[in-house]
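Asker: A predicted structure for the sequence below; I have some questions about it.
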Amino acid sequence: MAFCPNCGTQIADGAACPKCAGAAPSVGATTAGGGLTDNMAGALAYVTFIPAIVFLVLEPYNKNRFIRFHAFQCLFLTGALFAVGIALAIVAMIPFIGLLTIPLHFVIWIGSIVLAVIMALKAYQGQKYKLPVIGDMAEKQANTV
């Protein structure tokens, strides 16, 4: 929920104020103080895990909960994909069964790229889209400053 910038009444996101007809502030269009808008920094966090770490370390960005959420979600997603990759590499050492992991590796690789693009687009649109398990963990970490 947002608050009306004119009278302070609580209003729905993107809706006009019922009291004074003032417009709701846009979500994700503010700057974090480092030159990037919040939504741009949130989207860049999904490029690889390196910008996510940078945003968690640099001063103006590590104070913003929106950016911290997307940075932590990217790091947790990267960690989960890394663990799945290690598990598949271990299974790949088993004769005959290991051959089945080759297409599975490819599907997971393509899926992770598609997921990163979708998450970057959601962050760029100012949405705080949470992945099923990882999103709750990321939100918990983002709220601890």
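Answerer: Everything's here; your move.

Asker: hey, let's count contacts and neighbours off CA atoms from now on
Answerer: OK.

Asker: centre of the chain versus stretch 51-58, how much separation?
Answerer: Centroid separation between stretch 51-58 and its chain, computed with C-alpha atoms, centre = their mean, to the nearest Å, is 13 Å.

Asker: mind listing what's buried in it?
Answerer: Of the residues in stretch 51-58, those with enough neighbours to count as buried (16 or more other C-alpha atoms under 10 Å) are Pro51, Ala52, Ile53, Phe55, Leu56.

Asker: I'd like the average pLDDT over that stretch.
Answerer: For stretch 51-58, the per-residue pLDDT values average out at 90.

Asker: likewise stretch 116-127?
Answerer: Across stretch 116-127, pLDDT averages out at 93.

Asker: Any chance you could list what contacts it?
Answerer: Contacting residues not belonging to stretch 116-127 are listed as 27-29, 38-40, 42-47, 70, 128-129 [C-alpha atoms under 8 Å, 6 or more residues apart in numbering].

Asker: Report all helices and strands that the strand or helix carrying Val54 contacts.
Answerer: Of the helices and strands defined by DSSP states H and E, Val54 is found in helix 49-57. Judged by 3 or more C-alpha pairs under 8 Å, 6 or more residues apart in numbering; DSSP states H and E, helix 49-57 is in contact with helix 38-44, helix 65-92.

Asker: Highest mean neighbour count across the ones you listed, which stretch is it?
Answerer: Using mean count of other C-alpha atoms under 10 Å, the stretch among those with the largest mean neighbour count is helix 38-44, at a mean of 26.

Asker: which strands and helices sit next to it?
Answerer: Helix 38-44 is packed against helix 49-57, helix 65-92, helix 97-124, with contacts defined by 3+ C-alpha pairs under 8 Å, 6+ apart.
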